[in-house]
Every structure is written in structure tokens, then in C-alpha cells.
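[1] missing the sequence, but the structure's below:
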């Protein structure tokens, strides 16, 4: 087992770029990077008052550079990457159902945009390492098997297909141009700093916000499907390790809690912790059942063995903290 100090590597004086830095994962990564001495630069497609206010809370007076722009324009803005040692690629659109309904848009943002980023990095004298936030949805329906990185890749949505495509892009740009990378296939992250109204990702965050508002939480088909829910603080630790540990280079890792509960059980816990809201069974909406993956059980043994990473935050403790944080953030 690696020493605890090795699990919290220093980024002192190193410039990092978070593409999608005002999104859910990005905002939760800013604090850990600043704590490790990084010079943080954020690239974001839009500047929202809510996310900028949350960023001010997170940075606590520490400097963070914010650039408005999309990764699809990366080739026209080489200055974005000046002095950058690590790029955290968290930008893009989420949503399995929406990816099927808006196929061209998903392709343009989640594939063409990533390709533009790689093209902008390939000719740099020292390309930065790119840490890619991929998804469990590259696996598709996995049945009762615990899913490892060697499991079959059969996505049920264009979102999953596009994530897998980008993983292959990174592998090829590493082979041909020496652009280092690490891809993390993240399960179902939850935690603070997801903007209300964003309905295509972060299911437990949506549940917490709905419950606090006294609303009913809809469970498609009853919510018996198993999911692996991992707290975003644990995900942030994995992202930092992927950026700094030499053993992460050109690797693909699952990032999950390694234990699964049903959507219904998680929703009922949230209602209890919030002291408000309710759970209601509803029919599957149009398009949702066709991309449903069924139960998902995640094998995280590879990242544990290679990098010493394991999820540390218990689901109950994480949900209590998440509910209380949203209670304050949404006042």
C-alpha cells in the first residue's frame, strides 16, 4: 500500500487547464488543485452567475484564471496552452437520451471538439498530459457481471459511443504524436456544485435538489436498477493522481465506489436526509428505456493496484453532506 502522502501529490507551481472548469466535476476539482499548489486556468463555454459565485467560494481569495471559450476553437487559441503541464478534459455535453435525439450536436461537441483539442496539442514541444473524464456508459449493458476495464465495450447510446471514440483518439495521439493521457471511466458521481435545472447528468444531485424543494423524485420503472455512486471528492483525488502519477500514463481506469445500490434505495435515503420530498414510480419516458444499461457493478481493482486509489466516502455520509451543502447553496 502506498503512503498517504503519495496519494496527495504536489502540483506546486505547475499550470493546469481545466476544460469545462465551471461544470460539476470542474468546480469540485479546483479546490484540490489549488491546495496542491497548482496554477489553475479554467476554460468554459459560458459564464453563469451561479457558477462564478461558487468558484469564488471555492478559491477563497486564491487566483484562478477564467477564459471563456470552447475546446472546439482550441486550434485558434494556442495561448490557452502556454506553460500548461496538465489538461483536465471535463468539457462536453452529458446525457445518453439527448445524445440519440441530438446526434449531430453530440458528435460536434463530444467528438469534434476533443479532436480539435488534440490537434492543438500534437505539435507542442512538450505536450501536456491530458486527463480525460470518460464514462461507465462505454460498457453499455453488463448484466450481473462486475465490470472491469477488460469487459466488453457495447455502448447503448451515442454518448457512450462518442466517449469510447475519444478514448481511441487519445490512444492514437499518444502513439503517433506523444501526447500523454489517462482516461478515467467514471461511474455515477454525486456531490455539490451542480447547477439546478441541468437534467441530463448527476442523478443523485438532481434528486437532492428536488427533495429539498419538496418535490417528488420520479423513478423510471420503479428504480430497481443498481448503480455505483461515487462522491465527487473521491473522483477529484483520482483525477489528480491521473495527472501526476507516472504509472497512470496511457492507462484507462474505472473510477467508482466499488459497491452498488438501487436507484430507489439512494432516492429514499435522500428523502430521509432532506426531511422533505417523496419518491414516486413513473413510466419510462420516450427514448430512455432504449439506452438503459440495467444493473451496473464496478470493478475498481486496477486503479487500486496501480495507483493506490480507492473511494473513501461512504454513501450515507456522502449523501448527508451533499444534501446539507445544497441546502445552503440554494438558499
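    Now that the structure is in, tell me what you want to look at. If you're wondering where the values come from, they're calculated on a predicted model, not measured in any experiment.
[2] residues contacting residue 138?
    Listed by Cβ atoms under 8 Å, 6 or more residues apart in numbering, the contact set of residue 138 reads 153, 155, 160, 163-164, 167, 185. From N, CA and C alone the C-beta is placed, and that goes for glycine too.
[3] the same query, at a cut-off of 10 Å, please.
    The contact partners of residue 138, taken as Cβ atoms under 10 Å, 6 or more residues apart in numbering, are 147, 149, 151, 153-155, 159-167, 183, 185, 252.
[4] so the residue sitting furthest away from the middle of the chain, which state does it fall into?
    In the chain, the greatest distance from the average C-alpha position (Cα atoms, centre = their mean) is reached by residue 125, at 28.8 Å. Per DSSP: H, G, I helix; E, B strand; the rest coil, the local secondary structure of residue 125 is coil.
[5] what's the separation between it and residue 39?
    Here the distance between residue 125 and residue 39 works out to 19 Å (Cβ to Cβ, to the nearest Å).
[6] helices of the chain, start to end?
    Counting by DSSP state H, the segments of the chain that form helices are 24-35, 49-59, 96-101, 103-107, 113-121, 158-177, 203-212, 232-244, 263-274, 288-291, 301-307, 315-329.
[7] dump these to JSON lines, plus distance to residue 223, mean pLDDT and mean neighbour count.
    Formatted as JSON lines, those follow (distance: least, Cβ to Cβ, whole Å; pLDDT from 0 to 100; neighbours: other Cβ atoms under 10 Å):
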{"stretch": "helix 24-35", "distance to residue 223": "22", "mean pLDDT": "97", "mean neighbour count": "22"}
{"stretch": "helix 49-59", "distance to residue 223": "29", "mean pLDDT": "97", "mean neighbour count": "15"}
{"stretch": "helix 96-101", "distance to residue 223": "17", "mean pLDDT": "68", "mean neighbour count": "20"}
{"stretch": "helix 103-107", "distance to residue 223": "26", "mean pLDDT": "81", "mean neighbour count": "15"}
{"stretch": "helix 113-121", "distance to residue 223": "33", "mean pLDDT": "94", "mean neighbour count": "22"}
{"stretch": "helix 158-177", "distance to residue 223": "21", "mean pLDDT": "95", "mean neighbour count": "19"}
{"stretch": "helix 203-212", "distance to residue 223": "10", "mean pLDDT": "96", "mean neighbour count": "24"}
{"stretch": "helix 232-244", "distance to residue 223": "22", "mean pLDDT": "97", "mean neighbour count": "24"}
{"stretch": "helix 263-274", "distance to residue 223": "4", "mean pLDDT": "98", "mean neighbour count": "20"}
{"stretch": "helix 288-291", "distance to residue 223": "12", "mean pLDDT": "72", "mean neighbour count": "14"}
{"stretch": "helix 301-307", "distance to residue 223": "28", "mean pLDDT": "98", "mean neighbour count": "17"}
{"stretch": "helix 315-329", "distance to residue 223": "15", "mean pLDDT": "97", "mean neighbour count": "18"}
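[8] the ones you listed: which one's closest to residue 191?
    helix 232-244 (3.4 Å; Cβ to Cβ).
[9] got the contact list for residue 279?
    Residue 279 makes contacts with 207, 211, 216-219, 222-223, 263-264, 267-268, 270-271, as judged by Cβ under 10 Å, 6+ apart.
[10] just flag the most distant two among the residues you listed.
    Distance extremes for these: the farthest pair is 211 and 222 at 18.0 Å, using Cβ to Cβ.
[11] and the pLDDT at the closest residue to residue 13 other than its chain neighbours?
    For residue 13, ignoring the flanking residues on the chain, the nearest one in space by Cβ to Cβ, 6 or more residues apart in numbering is residue 37 at 6.3 Å. Residue 37 is assigned a pLDDT of 95 by the prediction.
[12] follow-up on the earlier one: which one of the contacts of residue 279 sits closest to residue 43?
    residue 207 (29.5 Å).
[13] out of the helices of the chain, nearest to residue 75?
    For the helices of the chain, distance to residue 75 was read as Cβ to Cβ. The smallest value, 4.7 Å, belongs to helix 113-121.
[14] report the angle between the closest one and helix 158-177.
    With axes from the mean of the first three to the mean of the last three Cα atoms, to 10 degrees defining the directions, helix 113-121 sits at 20 degrees from helix 158-177.
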